[in-house]
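Student: okay, sequence plus prediction incoming.
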Amino acid sequence: MKFSIFFTLTIIFFATALVSTVIEGYHAEVVRNVLAECKIWVTDNNGNYVAGNKHYHRCDNNPPNLNIDTLSNDSYWLIASVEGSGRQDKRRGPLNNDFCYIIYGDAANWRFNTWDYCNSQS
C-alpha cells in the first residue's frame, strides 16, 4: 500500500513538472537622466497595469537604470510621465521584444527614446 501511494505521488510530481511551462516575458530597461521625478510603467494592450512604478521617484540615474519584466509574452506598452511637466505621458509600443529606452531632460522639456547602451544588454 505504501509503495502505490509513493509511486502515485512520484508520477504526479513528474507529470506536473513536465507539463508546467516557464513564462519568461519581455524585459524593458530604462536609463533615467531627468532633472525631476518620473514614473515609468508597462501596460498590456488593453491599458491594464502590468509592472513598473506606481508612484513618482527620482529620475536622475540614482538609483541606476530601471528594469521592468513583463512576465508575459504578450505585446506591451512602455509609458513614462514626469512630475510637474505640462507634457502628456509618452507611450511607446506596442512592443514585443526586449527593449532599452532613455528618458532625459527636465520637467519642462523631456524625451523618451530608444537607446543602444543599456547595461544588461549584450
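Tutor: Cool, the structure landed. Numbering: from 1, shown residues only.
Student: and Asn67, what helix or strand is that in?
Tutor: Here Asn67, judged by DSSP states H and E, is contained in strand 66-69.
Student: again with Asn113
Tutor: Taking DSSP H and E as the definition, Asn113 sits inside strand 110-114.
Student: output the contacting helices and strands for that strand.
Tutor: Applying 3 or more CB pairs under 8 Å, 6 or more residues apart in numbering; DSSP states H and E, one finds that strand 110-114 contacts strand 90-95, strand 99-106. All C-beta spots, glycine's among them, are computed from the backbone N, C-alpha and C.
Student: now what about it, what contacts it?
Tutor: For strand 110-114, the surrounding residues in contact (CB atoms under 8 Å, 6 or more residues apart in numbering) are 34, 36, 38, 80, 82, 85, 87, 90, 92, 99-105.
Student: ok, 10 Å please
Tutor: For strand 110-114, the external contacting residues (CB atoms under 10 Å, 6 or more residues apart in numbering) are 30, 33-36, 38, 40, 59, 78-82, 85, 87, 89-92, 99-105.
Student: strand partners of the strand holding Asn67, parallel vs antiparallel please.
Tutor: Partner strands and pairing direction for strand 66-69 (DSSP bridges) are strand 27-35 (antiparallel).
Student: which element follows the strand it pairs with toward the C-terminus?
Tutor: Using DSSP H and E, the helix or strand that directly follows strand 27-35 along the chain is strand 37-43.
Student: show the average pLDDT along that next one.
Tutor: If you average the pLDDT over strand 37-43, you get 96.
Student: please, which helix or strand holds the nearest residue to Asp44 once chain neighbours are set aside?
Tutor: Nearest in space to Asp44, with sequence neighbours left out and distances taken as CB to CB, 6 or more residues apart in numbering, is Val50 at 5.6 Å. Assigned by DSSP H and E, Val50 belongs to strand 49-52.
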